[in-house]
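Trainee: Need coordinates for the following:
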Amino acid sequence: MSSPDPAHFRQVLGQFVTGVVLITASTADGPAGFTCQTFGSISLDPPLISFSARTASHSWPRIREVGVVGVNILSAEQESLARVFATTGTEKFAGVTWSPGPRGAPLVEGATAHLEGRVVSVSAHGDHDIVVVAVEFVASHTGRPLVFYRGGFSTLD
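Mentor: Prediction:
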């Protein structure tokens, strides 16, 4: 059996609605981050989450080196922020209001929720790393979530 055509595979996966998060960290060169749609919970006891990061990313190797990450669950009003953090080579934090979490990860103002924790496991699969994080801080806020569906950003109505 052959592998599916990559364009068709992407189109099929686009049928699944996902939330949109920013993965952030305070690096030696300043704050770093990237947009991520592959995020989820693994365990409530102990509290574990996971996300995937493109191995060829400019931001992920810098964040991985720190070992402490913030997860910013974006609100419907933050689509432009998601687009900026999805690019390479820009000063992503320019003009962004954020404050450090208890362990120092940048937590972006306006997100519907924040999590922060330690990276406990990274495993390579294809062109992405799957990252497991032990959560040490959570905060929930009001707002509607930003979602990704069929290759584009949307909101829940």
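
Trainee: alpha carbons only for contacts and neighbour counts from here, please
Mentor: OK.

Trainee: which of the residues in stretch 141-151 are buried?
Mentor: Neighbour-count burial for stretch 141-151, with 16 or more other CA atoms under 10 Å as criterion, is recorded at P145, L146, V147, F148.

Trainee: cool, stretch 90-102 as well?
Mentor: Buried, per 16+ other CA under 10 Å, within stretch 90-102: K92, F93, G101.

Trainee: and what of stretch 82-92?
Mentor: Quick answer for stretch 82-92 (16+ other CA under 10 Å): A82, F85, K92.

Trainee: Endpoint to endpoint, that stretch covers what distance?
Mentor: Counting by CA to CA, to the nearest Å, you get 10 Å between the two ends of stretch 82-92.

Trainee: ok, now stretch 74-89?
Mentor: End residues of stretch 74-89 are separated by 21 Å (CA to CA).

Trainee: can you check stretch 29-49 too?
Mentor: Stretch 29-49 end-to-end distance (CA to CA) = 26 Å.

Trainee: Check what contacts stretch 98-115 and list those residues.
Mentor: Stretch 98-115 has contacts (CA atoms under 8 Å, 6 or more residues apart in numbering) with 24-26, 31, 68-75, 78, 96-97, 116-117, 135-145.

Trainee: just the buried members of the residues you listed?
Mentor: By neighbour count, with 16+ other CA under 10 Å, those hold 24-26, 31, 68-75, 78, 116-117, 135, 145 as buried.

Trainee: Good, we can wrap up now.
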